[in-house]
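**Q** Just a sequence and a predicted model for now, questions to come.
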Amino acid sequence: MKDKDREEADITKRNLAEWQAAQLAAIVQSSDDAIIGNTLDGIITSWNKSAEKIYGYREDEVVGRPISLLVPPGSEDEVRQILDKIKNGEYVEHYETLRRKKDGQDIYMSLTVSPIRDAEGRIVAASTIGRDITERKQAEEQLRNSERKIRTTIETIPAFVFSALPDGQIDFVSQNWLNYLGVTPEEVFGWDWTTLVHPEDSDRVVEKWRDWRESLATEEGSERRFRQANGEYRWFLARKSALRDEKGDIVKWYGVLVDIEDQKRAEARLRQALDEVQKLQEQLAKETIVLREEVDSTSMFEEIVGASPALNAVLARIDKVAPTDSIVLITGETGTGKELVARAIHKRSRRAARAFVSVNCAAIPAPLIASELFGHEKGAFTGAHERRIGRFELAEGGTIFLDEIGELPMETQIALLRVLQEQEFERLGGNQPIRANARVITASNRDLQSAIEAGSFRRDLFYRLNVFPIEIPPLRERKEDIPILVEYFIHRYASKLGKKIRSASRKTLDLLQSYSWPGNIRELQNVIERSIIVCDTENLSVDENWFVRDSGQAQPVGQPLSGRLASQAKEMIEAALAESGGRVSGPSGAAAKLGMRSSTLESKIKSLKINKYLFKKSI
């Protein structure tokens, strides 16, 4: 019987344990908190319904997986630290941290982690009870932000703020008011503030503040003089408003003090001053438009933006030379705006009503440049199926701008020199001189003196072009123009892209002014346009990684070797001789095809040691 009794007792204990386990499991599953069990190595072993609801994982998706699954990347050390505490028998209570849901969203959780012991008291696992406190944390953050905004507003508005108890005792003043008075809060709380009032106003003010019946009825403003930190008194207008409870009783007073010293000195000017404040507010609301108009009226010379001494010197030279027909040579690094200067000269000249023709000499293949400038007759060379008017004829009566003049082939330099000397030219394949009536403006980013020494540019042509030189300073030498340029490009590209960007921050302007701008204004323009494209706020910011820090100062394009030019000239002459059957002069001769005098070509043939008779076979 004893064995049977013991067996029944064991069954009863097992049934009780099973019932208790079932009850515990039911409690765990019905809990509003997420309850998670895990091993000391951080492997999840149990998972209740609330955990599934909070984290979004089903139990079969997490059991057997590391608990680090539930933390944001980079927070794994936090999990290890908690497990180390559990292994040491410590409890982690009400620990607030971030956890990550299945959908990748981070939430705030309040966790209590406890060690689980076996029958012998050994720590064998851990249990975590977690509560989602995301809404509370967000509310707290919103409250802190609200408090910061309120504090910032109070300390930055052009007035001093205070609050008072129902009987008029001060219990709060803004810090800027304390700084103005040169006192501590204790010196103004209660009724001590009255010691700072002018003696002539003190009795009247104190009496009025102690007798609140008048204020209860009107809550109107009052005027008084307060002593500054330097001992001087100034007039202030105090306005207050009552905070009332449900019964209508005042529970708090809130007010502001506004300096009205100037208005008191001239009462008649008070309304005018208020009108000016209103106009100022309207003006600030249109700040971008006002700044734009200011840039257009004070900093724009045609399309040239800036007001630095270096740029003003350039503009002064433009003013001097524009009314004349003198040849202008514009030099400067790539991206400095040489064509803008050329256009400005044209627009201020007597030829402004006629055409401005721009030619980039570096962008046209060498064999075609003469045809591009002077035109050609039908059949002048292979592919010349019809007569073509050259750029000099298109610029008749106006201005022709030859950009990158240093890239002209030697033969074309000779033809251009003839135009400058004789004021006439011939189309390729033609024999009738055409009068050249176009003002010539040239530009180069190369060192033409070095090109002359290298034999790639004619000295006599340089002297013809260098009648009135204008050197444009690089952007790094006129950094004071960068804020104006930035404002100009912001307005230009923000309008184009349909964005409302008011200005660039001081930090951004400092960054832009600290950069050397090897690409000059063109590079700045590209950086601003790129920044506006990615900008989502009203204040423009610039990614510093967009700057080419190792580019160094922009340098003129390197000069080709004279030997290489001679080789190219020889190839061109031989090709023309081959087409003309070895004939030099005449309408179908090689000289006409190359746009030069026959005597000049004969000289070149001799200097380059070309045997023109070899080409007689191709007739």
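**A** Nice, thanks for sending it over. Since we're looking at a predicted model, the values are computed, not measured.

**Q** Quick one: end-to-end distance for stretch 58-67.
**A** End-to-end span of stretch 58-67 (Cα to Cα, to the nearest Å): 14 Å.

**Q** List the buried residues in it.
**A** Burial within stretch 58-67, assessed by neighbour count using 16 or more other Cβ atoms under 10 Å, is assigned to 62-63, 66-67. Bear in mind the C-beta positions are built from the backbone N, C-alpha and C, glycine included.

**Q** and what of stretch 538-551?
**A** For stretch 538-551, by 16+ other Cβ under 10 Å, it's 540, 542, 547.

**Q** I'd say the second one and residue 513 touch.
**A** No. Shown here, residue 542 and residue 513 do not form a contact pair, counting by Cβ atoms under 8 Å, at 11.5 Å.

**Q** domains of this protein?
**A** 1-29, 31-133, 157-271, 322-471, 562-618 (automatic domain parsing).

**Q** what's the closest non-adjacent residue to residue 87?
**A** In this structure, residue 87 finds its nearest non-sequential neighbour in residue 40, 5.7 Å apart by Cβ to Cβ, 6 or more residues apart in numbering.

**Q** could you list every residue that touches that neighbour?
**A** Counting by Cβ atoms under 8 Å, 6 or more residues apart in numbering, residue 40 touches 83, 86-87, 123-126.

**Q** Try it again at 7 Å.
**A** 83, 86-87, 123, 125-126 (Cβ atoms under 7 Å, 6 or more residues apart in numbering).

**Q** Show me where the stretch 451-600 of the chain dips below the pLDDT cut-off.
**A** In the predicted model of the stretch 451-600 of the chain, residues 548-568, 595 satisfy pLDDT under 70.

**Q** quick one, strands of it?
**A** Taking DSSP state E, counting those that start in this stretch, the strands of the stretch 451-600 of the chain run over residues 468-471, 503-504, 539-540.

**Q** next one: the stretch 151-300 of the chain
**A** Going by DSSP E, counting those that start in this stretch, the stretch 151-300 of the chain shows strands at 160-164, 170-173, 222-227, 233-244, 250-259, 300-301.

**Q** in the second one, what counts as buried?
**A** Right, strand 170-173. In strand 170-173, counting by 16+ other Cβ under 10 Å, buried: 170, 173.

**Q** what helices or strands is that strand leaning on?
**A** Where contact means 3 or more Cβ pairs under 7 Å, 6 or more residues apart in numbering; DSSP states H and E, strand 170-173 is packed against strand 160-164.

**Q** cool, and the third one?
**A** Contact here means 3+ Cβ pairs under 7 Å, 6+ apart; on that basis strand 222-227 packs against helix 199-210, strand 233-244.

**Q** Need the CA coordinates for that strand. CSV is fine.
**A** Once non-C-alpha atoms are left out, strand 222-227 reads as follows in CSV (Å, rounded to 0.1, in the frame of the first residue of the first chain):
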residue,chain,number,x,y,z
SER,A,222,0.6,99.7,-19.1
GLU,A,223,3.8,101.8,-19.5
ARG,A,224,6.7,102.0,-17.1
ARG,A,225,10.4,102.6,-17.0
PHE,A,226,12.8,99.9,-16.1
ARG,A,227,16.5,100.2,-15.1
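
**Q** Please point out which parts of it sit buried.
**A** Of the residues in strand 222-227, those buried (16+ other Cβ under 10 Å) are 222, 224-227.

**Q** Need the contact partners of it.
**A** By Cβ under 7 Å, 6+ apart, the residues outside strand 222-227 that reach it are 181, 196-198, 201, 205, 208, 233-238, 260.

**Q** how distant is it from the center of its chain?
**A** Mean-position distance between strand 222-227 and its chain equals 47 Å (Cα atoms, centre = their mean, to the nearest Å).

**Q** what about it, average pLDDT?
**A** Strand 222-227 comes out with an average pLDDT of 77.

**Q** With the second one instead?
**A** If you average the pLDDT over strand 170-173, you get 78.

**Q** Which residues does that strand contact?
**A** Residues outside strand 170-173 that contact it (Cβ under 7 Å, 6+ apart): 162-165, 185, 188-190, 193.
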